[in-house]
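I would like the atomic coordinates for the input below:
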Amino acid sequence: RFERSQTVPECAVPECATILEPSLKFPRRISNGSHVLKIIIWNAEQVYDTGHVADPHVKLHLVHNKAMFGELKKTFTIRKSSSPEWNQPFVLFPPSIPSTSLVFCVYDSDRLSDDDLLAYIMVPLSSIEDACLDDACQRSARTFEFELCPSEQQVRRQGKSNIFMLRLDLKPIKLRVTLNLHPRIPLSRPRPLRSAGTSKEPLSKEPLSKEPLSK
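Residues are numbered from 1 along each chain as shown. Modelled structure (predicted):
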């Protein structure tokens with residue numbers, strides 16, 4: 001059972017599409033992190049693409065030292081919805097917390113062209129770590145409601161619509177997620193079981209019984 005939503009401060013980021021394409025500018029690192037970040041993407045509100053209802057999905061990944069770290073995760077697409085509900089869990093393994101951030105991007109799926117980036121947010125894990133500590137300094141899950149920044153593509157479309165006297169109010173997309181961040185506990189290697197044939201106990205040297213068989 002999760003507590004009421006808390007707001008994590010937003011961090012200024014460049015256009016998120018460049019981060020999602022690490023082969024262009026950023027190297028990609030895939031390795032085991034030192035922490036475990038459990039994520040549940042619940043729903044979003046006010047999801048529109050230039051005034052019409054979108055086909056939204058969410059992409060999320062980690063950025064560590066200006067490089068995409070680990071795998072790119074993605075929710076399924078919900079058709080024709082301005083208030084989509086995913087209720088989809090994910091698990092990421094971030095490295096050191098101070099230099100790592102979590103990126104959420106909301107896209108409008110297009111079948112005939114590239115997906116349109118609607119909004120994004122980049123949240124430092126240090127803020128998530130502080131918010132997940134309770135009064136007793138115990139780590140627990142927290143539910144957050146983020147307000148995502150509109151992408152540069154959406155801002156340009158807003159400018160063109162104003163020229164043609166078609167004003168499109170860019171309302172921030174609200175994304176509701178649950179996060180739980182804690183250190184990764186290494187698994188202890190089980191001790192090898194000794195088979196019965198490798199027992200080192202000496203065998204008994206008692207002579208066999210010479211009792212006569214009963215008639």
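
helix, strand or coil: sort out S127 for me.
Secondary structure, DSSP: H, G, I helix; E, B strand; the rest coil: S127 is helix.

ok, it - how many residues close by?
For S127, the count of nearby residues is 18 (other C-beta atoms under 10 Å). To be clear about C-beta, it is placed using only N, CA and C from the backbone, and glycine gets the same treatment.

and for L175?
25.

and it, how far from S83?
With the distance defined as C-beta to C-beta, to the nearest Å, L175 ends up 11 Å from S83.

swap in P94?
Applying C-beta to C-beta, one obtains 30 Å for the distance of P94 from S83.

so these two - more neighbours on which side?
Applying other C-beta under 10 Å to P94 and S83 shows that P94 carries more neighbours, namely 23 against 13.

look up phi and psi at the more buried one.
With angles defined as degrees, to the nearest 10, P94 sits at phi -70, psi 150.

surely it touches F69?
Yes - the pair P94 / F69 is scored as a contact, 6.9 Å apart, by C-beta atoms under 8 Å.

next, show the common contact partners of the two.
By C-beta atoms under 8 Å, 6 or more residues apart in numbering, P94 and F69 have these common neighbours: G33, L62, T100.

just put those in TSV and tack on pLDDT, secondary structure and neighbour count.
Formatted as TSV, these follow (pLDDT from 0 to 100; DSSP: H, G, I helix; E, B strand; the rest coil; neighbours: other C-beta atoms under 10 Å):
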residue	pLDDT	secondary structure	neighbour count
G33	76	coil	18
L62	92	strand	23
T100	91	strand	22
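
contacts for stretch 41-50?
By C-beta under 8 Å, 6+ apart, stretch 41-50 touches 53-54, 56, 58, 60, 75, 81-88, 90, 106, 108, 116, 118, 143, 154, 157, 161, 168, 171-178.

and those, which are buried?
Buried positions within those, assessed by neighbour count (16 or more other C-beta atoms under 10 Å), are 54, 56, 58, 60, 75, 84, 86, 90, 106, 108, 116, 118, 154, 157, 161, 168, 173-178.

so what's I128 up against?
When contacts are counted by C-beta under 8 Å, 6+ apart, I128 touches V8, L37, L102, R142, L179, L181.

which pLDDT value goes with the first one?
V8 is assigned 53 on the pLDDT scale.

just to revisit the earlier point, export the shared contacts of P94 and F69 as CSV, with columns for distance to N43.
Below are those laid out as CSV (distance: C-beta to C-beta, whole Å):
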residue, distance to N43
G33, 27
L62, 22
T100, 26
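
list just the nearest of these to P124.
Nearest to P124 among the shared contacts of P94 and F69: T100, at 7.6 Å, using C-beta to C-beta.

tell me which helix or strand in this structure has the weakest average pLDDT.
helix 16-20 (a mean of 41; mean pLDDT, DSSP states H and E).

look up the closest residue to L62, ignoring the ones flanking it.
F69 (4.3 Å; C-beta to C-beta, 6 or more residues apart in numbering).

brilliant, that's me finished.
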